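K.L.:
Everything below, folded, please.
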Amino acid sequence: MLKEVFIIETNCITPIGFDVVTNIKNIIDSVSGIQLHHNLELMKTPFYASVINDDAINSAFAKIAPAENFTRLEKMMILALQPIIEKSKLDERTGFILSTTKGNITALVNPSAANFKKAHLSQLAKNIADFFGFKTEPIVISNACVSGILAISVAKRLIQSEMFDNIFIVAGDEVSEFVLSGFNSFQAMSDLPCKPYSKNRNGVSLGEAAAAVLVSSNNKNSKIKIIGDGSINDANHISGPSRTGEGLFRSIESALAEAKINANQIDYISAHGTATSFNDEMEAIAFNRLGLENVPVNSLKGFYGHTLGTSGLLETVIGIQSVLESKLFVTLGFDEIGLSQYINIIEKNEDKEINYFLKTASGFGGCNTAVLFEKVK
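P.N.:
Model (predicted):
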């Protein structure tokens, strides 16, 4: 029989708060991190994005270490990990997973041998691991926008295979010129704050954040149990998802089979909800194919923007709080449904007992991941 796997601790660093408590307060108050920016170094035209204040990062980081040896992203990741790792003993049975889509891509703005080295994801992971003194080799998960939730899936499987007893995960990505130009070239950026699942949605708002969790086989002080996962690539297109939601459908189907629960037992779905026309439509089709159309579903992109490889982990952290606080959070930015099939979009904060919740994510290249969680009673 495979080991049970739990999430013990969580934390996040975002534009609307540097801990989980502050983030939840601002979500309840409908405070969004998305603002209009006029940064000519990043884009020649104004753009909407959710960006963390540099002074806030530096001020918080100065309390734990000298800043000169770390990039901005490394500071964000260290700040996310530090509160959940400071009282832990790191031994040969403790793993470390770093999740990101682009990592220190900003290092390449000024090309040099040193900056090229900084841009390597392995170097980013080593820098974070060395800061905390991990005794095991760091593992990097970089699979487009499913990276954050896929890291939870990988951690679960590593613990079940008895390679580790505990695994710390940190995820982080920045709003950068590279990322902005990439999404802009796809004509995928919204000219207003994003509107997930809405009739008049027209693209993503980008964002940045760092999030961290501790995954463990020890259920002492556990917040939630990881009960099933699936990750299926639909190989549909370099950037467009399967029009039938095939990869997401099969990922959720796989997670349900492992968890040994039925679709009608799911109380809440934290979806990807990027506010692009194809992603939101694909999710609605996949959910309907599984009989999940009446399950309350939200997207948190209206608060954080699309934080790339961080999004799945960050949204899991917030989803866990939904379970613990028995509260569903609004899909900020949603107005009139704009999908070919109905899904039960959460339009206001409301109280609800949640025993099982599903986190999904999809990304470029046709990647999809679904993870099921159960409330620890």
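K.L.:
which parts of the lowest-mean-pLDDT helix or strand in the chain are buried?
P.N.:
In the chain, the helix or strand scored least confidently by mean pLDDT, DSSP states H and E is helix 113-119, which has a mean of 87. For helix 113-119, burial by neighbour count (16 or more other Cβ atoms under 10 Å) applies to 118-119. Backbone N, C-alpha and C define where each C-beta goes, glycine included.
K.L.:
what does stretch 198-211 give?
P.N.:
Using 16+ other Cβ under 10 Å as the test for burial, stretch 198-211 gives 198, 201-211.
K.L.:
Report the residue ranges of every domain in the chain.
P.N.:
As assigned by automatic domain parsing, the chain contains the domains 5-216, 226-375.
K.L.:
now do the same end-to-end measure for the last one.
P.N.:
The distance separating the two terminal residues of domain 226-375, taken as Cα to Cα, to the nearest Å, comes to 9 Å.
K.L.:
Return the most buried member of the domains of the chain.
P.N.:
domain 226-375 (a mean of 22; mean count of other Cβ atoms under 10 Å).
K.L.:
Tell me the bridge partners for residue 229.
P.N.:
residue 371 (DSSP bridges).
K.L.:
so who does it touch?
P.N.:
Residues in contact with residue 229 (Cβ atoms under 8 Å, 6 or more residues apart in numbering) are 152-153, 156-157, 254-255, 258, 369-372.
K.L.:
mind putting those residues in a markdown table, secondary structure included?
P.N.:
Listed next are these as a markdown table, based on DSSP: H, G, I helix; E, B strand; the rest coil:
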| residue | secondary structure |
| --- | --- |
| 152 | helix |
| 153 | helix |
| 156 | helix |
| 157 | helix |
| 254 | helix |
| 255 | helix |
| 258 | helix |
| 369 | strand |
| 370 | strand |
| 371 | strand |
| 372 | strand |
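K.L.:
want to throw those into a markdown table with distance to residue 241?
P.N.:
Below are those laid out as a markdown table (distance: Cβ to Cβ, whole Å):
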| residue | distance to residue 241 |
| --- | --- |
| 152 | 21 |
| 153 | 19 |
| 156 | 24 |
| 157 | 25 |
| 254 | 17 |
| 255 | 18 |
| 258 | 23 |
| 369 | 13 |
| 370 | 14 |
| 371 | 18 |
| 372 | 21 |
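K.L.:
out of those, which one sits closest to residue 181?
P.N.:
residue 369 (26.2 Å; Cβ to Cβ).
K.L.:
Read off the pLDDT value for the closest one.
P.N.:
As predicted, residue 369 sits at a pLDDT of 98.
K.L.:
Make sure it is actually in contact with residue 312.
P.N.:
Yes - taking contacts as Cβ atoms under 8 Å, residue 369 lies within contact range of residue 312: 6.9 Å.
K.L.:
Now the common contact residues for these two.
P.N.:
With Cβ under 8 Å, 6+ apart, residue 369 and residue 312 have common neighbours 146, 149-150, 361.
K.L.:
For residue 245, give its distance to residue 370.
P.N.:
11 Å (Cβ to Cβ, to the nearest Å).
K.L.:
which SS class is residue 7?
P.N.:
strand.
K.L.:
show me the contacts for it.
P.N.:
Contacts of residue 7 (Cβ under 8 Å, 6+ apart): 152, 213-216, 222-226, 316, 320, 373.
K.L.:
Mark which of those residues are part of helices, please.
P.N.:
152, 316, 320 (DSSP state H).
K.L.:
what residues are up against the last one?
P.N.:
Taking Cβ under 8 Å, 6+ apart as the criterion, residue 320 is in contact with 7, 10, 223-224, 373.
K.L.:
How about residue 343: what's its closest non-neighbour residue?
P.N.:
Leaving aside its chain neighbours, residue 343 sits nearest to residue 284 (4.9 Å; criterion: Cβ to Cβ, 6 or more residues apart in numbering).
K.L.:
Tell me the spacing between that neighbour and residue 339.
P.N.:
4 Å.
K.L.:
tell me, what's touching these two both at once?
P.N.:
Shared contacts of residue 284 and residue 339, counting by Cβ under 8 Å, 6+ apart, come down to residue 197.
K.L.:
taking the contacts of residue 320 one by one, which sit in strands?
P.N.:
Secondary structure assignment by DSSP state E places 7, 10, 224, 373 of those in strands.
K.L.:
so how far is residue 317 from the last one?
P.N.:
In other words, residue 373. The gap separating residue 373 from residue 317 is 11 Å, by Cβ to Cβ.
K.L.:
Okay, now the unreliable bits of the stretch 151-300 of the chain?
P.N.:
Within the stretch 151-300 of the chain, the ranges that satisfy pLDDT under 70 run 239.
K.L.:
which residues in it form helices?
P.N.:
177-185, 246-259, 277-289 (DSSP state H, counting those that start in this stretch).
K.L.:
Pull the contacting residues for the residue nearest to residue 343.
P.N.:
Residue 284 sits next to 197, 293, 339-343 when contact means Cβ under 8 Å, 6+ apart.
K.L.:
any chance of the contacts of residue 320 in CSV, plus distance to residue 171?
P.N.:
Converted to CSV, the contacts of residue 320 look like this (distance: Cβ to Cβ, whole Å):
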residue, distance to residue 171
7, 14
10, 12
223, 17
224, 17
373, 17
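K.L.:
mind checking the backbone torsions on residue 77?
P.N.:
Backbone torsions for residue 77, taken as degrees, to the nearest 10, come to phi -70, psi -40.
K.L.:
I'd like the distance between it and residue 242.
P.N.:
32 Å.
K.L.:
Which pLDDT value belongs to residue 312?
P.N.:
Reported pLDDT for residue 312: 98.
K.L.:
Surely it and residue 149 touch.
P.N.:
Yes - shown here, residue 312 and residue 149 form a contact pair, counting by Cβ under 8 Å, at 2.9 Å.
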